[in-house]
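S.K.: pasting a predicted model and its sequence here:
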Amino acid sequence: MMKAAIINAYGGSEQLVVAEQAIPHIQQDEVLVENMATSINPIDYKARQGLMQGMFQWQFPVTLGWDIAGRIVAVGQDVTNFKVGDAVFARPDIDPTGRNGSYAEYTVVKADKLAFKPENITFNQAAAVPLAALTALQMLEKLQVKAGHKVLIQAGAGGVGIYAIQLAKLMGTYVATTASQVNHDFVASLGADQVIDYHAYQIQDVLSDYDAVFDMVGDIDNGIHILKDGGHLVTISAQLTAQQQQTPNKTITTGWLDTNGKDLTTLADYITKNQLQIVVDSIYPLTTEGMRAAHQRSETHHARGKIVVEIKKETV
């Protein structure tokens with residue numbers, strides 16, 4: 001048996017309870033990871049509230065969570081590139097039954113979703129990477145970002161925004177971002193060239209002629225307004241209207257993460273070379289009180305960086 005944070009009904013953070021659950025079994029192409037840490041993403045509390053029922057018909061009790069960092073303790077017979085004892089991190093596939101989440105001491109992961117954990121970071125830091133950084137990397141690729149482009153990254157101080165700013169700068173772009181006044185120096189330290197206080201200004205009053213907009217706040221029409229002809233906008237936070245999708249001379253799309261070990265290995269290489277900074281907002285334990293507090297922190301929308309759950313203390 002193992003400890004896992006589960007919900008037995010959709011609702012508020014009070015639904016989260018740490019309880020004993022069966023350790024999941026692996027298939028031939030999977031490994032079993034003993035988790036050292038996981039992290040909280042906005043999709044977690046949305047799922048807890050029941051907002052993903054249209055996509056997944058989960059069976060209670062549900063174990064949430066989609067980031068893992070830990071060590072492999074068992075491998076399927078078809079797995080050849082990983083072995084017991086390897087330190088890894090991943091954003092596993094979403095389990096259609098809702099049982100195999102990462103808020104647990106053990107999680108099953110398909111081998112093609114894994115990457116080796118960079119040796120220069122802790123497990124807590126590694127858990128802050130997969131979902132957010134993979135989303136940032138893949139959405140910038142979807143935007144066809146190139147050196148010399150001007151890119152707006154909404155919500156630069158958030159979990160995805162922090163990685164998106166850094167990755168866009170590594171791609172050679174000029175980056176504008178939105179952030180509250182208190183976070184201006186922080187996002188500038190990540191590489192943002194221009195920071196807009198969204199409390200004081202509308203982006204269309206400050207920016208124009210942009211090649212790409214990465215929307216994480218649902219500000220679609222204003223994002224379209226600042227695009228040049230041939231520009232791209234991708235949103236991960238809003239449903240597009242038909243009119244928005246059919247904007248003349250501009251490509252307006254939604255984005256969804258395609259989790260895979262290849263892209264995660266690319267990110268691991270950046271981290272190993274100290275080219276990608278990991279920002280941890282806060283760390284909570286895998287307890288009922290800890291998980292509820294972690295979700296409440298996420299729902300404030302004021303976290304600077306990632307909220308991490310430490311499942312097992314790391315020993316030096």
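M.R.: Everything's here; your move.
S.K.: end to end, how far does stretch 86-96 reach?
M.R.: 27 Å (C-alpha to C-alpha, to the nearest Å).
S.K.: where do the helices of the chain begin and end?
M.R.: Counting by DSSP state H, the chain has helices at residues 42-48, 123-127, 130-142, 159-170, 184-189, 203-206, 220-226, 242-245, 261-272, 288-299.
S.K.: and for the second one, what's in contact with it?
M.R.: Contacts made with helix 123-127 from outside it, assessed by C-beta atoms under 8 Å, 6 or more residues apart in numbering, are listed as 36-39, 67-70, 87, 89, 117-118, 278, 280, 283, 306, 308-310, 314. (Each C-beta comes from the backbone N, C-alpha and C, glycine too.)
S.K.: can you pull the contacts of residue 152?
M.R.: Contacts of residue 152 by C-beta under 8 Å, 6+ apart are 175, 176, 177, 178, 203, 207, 210, 212, 213, 214, 223, 226.
S.K.: so what sits opposite it in the bridge?
M.R.: Beta-bridge partners for residue 152, by DSSP bridges, are residue 176, residue 213.
S.K.: and it, what pLDDT?
M.R.: Per-residue confidence (pLDDT) for residue 152: 98.
S.K.: low-confidence stretches in the stretch 151-300 of the chain?
M.R.: Counting by pLDDT under 70, the stretch 151-300 of the chain has no low-confidence residues at all.
S.K.: ok, and the most crowded of the contacts of residue 152?
M.R.: residue 214 (31 neighbours; other C-beta atoms under 10 Å).
S.K.: gap between that residue and residue 132?
M.R.: Distance from residue 214 to residue 132, counting by C-beta to C-beta, to the nearest Å: 13 Å.
S.K.: would TSV of the helices of the chain with distance to residue 80 be doable?
M.R.: Shown next, in TSV, are the helices of the chain (distance: least, C-beta to C-beta, whole Å):
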stretch	distance to residue 80
helix 42-48	32
helix 123-127	23
helix 130-142	22
helix 159-170	30
helix 184-189	42
helix 203-206	49
helix 220-226	44
helix 242-245	43
helix 261-272	13
helix 288-299	36
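S.K.: which one, of these, ends up nearest to residue 22?
M.R.: Checking these against residue 22 by C-beta to C-beta gives helix 288-299 as the closest, at 19.1 Å.
S.K.: what sits closest to the residue positioned nearest the centre of the chain if chain neighbours are left out?
M.R.: Nearest to the mean C-alpha position of the chain, by C-alpha atoms, centre = their mean, lies residue 132 at 2.1 Å. Excluding its sequence neighbours, the residue lying closest to residue 132 (C-beta to C-beta, 6 or more residues apart in numbering) is residue 159, at 4.1 Å.
S.K.: okay, now that neighbour: neighbour count?
M.R.: Neighbours of residue 159 using other C-beta under 10 Å come to 28.
S.K.: ok, it - contacts?
M.R.: So residue 159 contacts 39, 41, 42, 128, 132, 303, 305, 306 (C-beta under 8 Å, 6+ apart).
S.K.: next, format the residues you listed as TSV and append pLDDT.
M.R.: Output for the contacts of residue 159, formatted as TSV (pLDDT from 0 to 100):
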residue	pLDDT
39	98
41	96
42	94
128	98
132	98
303	91
305	93
306	97
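S.K.: out of those, which is most surrounded?
M.R.: Of these, with other C-beta under 10 Å as the count, residue 39 tops at 33 neighbours.
S.K.: my read: that residue touches residue 303, true?
M.R.: No: the pair residue 39 and residue 303 fails to qualify as a contact (C-beta atoms under 8 Å) at a distance of 10.5 Å.
S.K.: one step back: can you flag the buried ones in the contacts of helix 123-127?
M.R.: Neighbour-count burial (16 or more other C-beta atoms under 10 Å) applied to these gives 36-39, 67-70, 87, 89, 117-118, 278, 280, 283, 306, 308-310.
S.K.: what residues sit buried inside stretch 231-238?
M.R.: Those would be 231, 232, 233, 234, 235, 236, 237, for stretch 231-238 by 16+ other C-beta under 10 Å.
S.K.: for the second one, list each beta-bridge partner.
M.R.: Per DSSP bridges, the residues bridged to residue 232 are residue 212, residue 251.
S.K.: that one and residue 310, how far apart?
M.R.: Residue 232 sits 38 Å away from residue 310, taking C-beta to C-beta as the criterion.
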